[in-house]
Each structure stands twice: as C-alpha cells, then as structure tokens.
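A.B. asks: below: sequence and its predicted model.
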Amino acid sequence: MSPIIVLRRGREAWASDERILGSSDFVESVKAQVDTVQPAKVKKNMDDLLRDVSKKTGLSIPELVSGSKQREVVLARGHISFVAVKEEGLALTDVARALNVSKQSILRGIARERNQEG
C-alpha cells in the first residue's frame, strides 16, 4: 500500500478550523460552544448599548435600529458601533445586523466617533 494512502486513511472526515488547534472532537465542541454563547452575548451587549444610548439621546430604540439617515440617529448609531466593536469586541457583522445597517455604515460610524474623540 502506498504511504500516501496510509497517511490519508481515516483523516478525510476530520473536523478542522484554522482558528482552533486540537482533535476533531475538541474542534467540534469549541465550535458548538461558540455558536450557542456568541448570539446571547451579542444580544445582551447590544440591548444594553441601545438602552443606554436611547436614554442619553432621547431617541427610541426602534429609531436607533430603523436604518434612518437622520443626522442624530446616524451619530447615535456611530457611538453604539464604536463601543460595540472597539470596546466590547463584537463582530462588525453582528453589530450591523443588530442595527439594520450595512457593515460600511458601521465602519463609517466608528471612524466618525474616533475622529470626535481624538
């Protein structure tokens, strides 16, 4: 039997993820944990941020997630985006989805907020 066939035998079904080192079982268990924990973390953090910004700005939560282009709403979403991504470590796509805007809108909001701080 060829050495290549021996090396490949049984490995075709291995689970892998370049971000996780370990056996197939370990990789699968880590991925399962992340899949169940991450959405809950995103929801809790976004709910808290939306509530805080809503209180500070007087804008309602439905306004903040409406995709509105009114200046005050856009600025408030920029602040939420900056805190969510840069301070809370949430993924850009999760924040964009929660605020009902594009990833580019989130990036512009982060840049605008960073310029205001500096």
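C.D. replies: Cool, got the structure.
A.B. asks: please make it C-alpha for all contacts and neighbour counts, starting now.
C.D. replies: Fine.
A.B. asks: show me where pLDDT drops low in the chain?
C.D. replies: Scanning the chain for pLDDT under 70 picks out 1-20, 33-42, 118.
A.B. asks: spatially central residue in it, please.
C.D. replies: Most central in the chain under C-alpha atoms, centre = their mean is Ala91, positioned 2.1 Å from the mean C-alpha point.
A.B. asks: how close does Val101 get to Ala76?
C.D. replies: Distance, Val101 to Ala76, by C-alpha to C-alpha, to the nearest Å: 13 Å.
A.B. asks: compare neighbour counts for these two and give me the winner.
C.D. replies: A count of neighbours by other C-alpha atoms under 10 Å puts Ala76 above the other of Val101 and Ala76, at 20 against 17.
A.B. asks: what sits closest to Ile110 if chain neighbours are left out?
C.D. replies: What sits nearest to Ile110 in space, not counting adjacent residues and going by C-alpha to C-alpha, 6 or more residues apart in numbering, is Phe82, at 4.7 Å.
A.B. asks: residues in contact with stretch 67-86?
C.D. replies: 45-46, 49-50, 53, 57, 59, 63-64, 90-92, 95, 99-101, 106-110, 112-114 (C-alpha atoms under 8 Å, 6 or more residues apart in numbering).
A.B. asks: same thing but 6 Å
C.D. replies: With C-alpha atoms under 6 Å, 6 or more residues apart in numbering as the test, stretch 67-86 has contacts from 64, 90, 100-101, 106, 109-110.
A.B. asks: can you list which of those residues are found in helices?
C.D. replies: In helices, defined here by DSSP state H, the members of these are 64, 106, 109-110.
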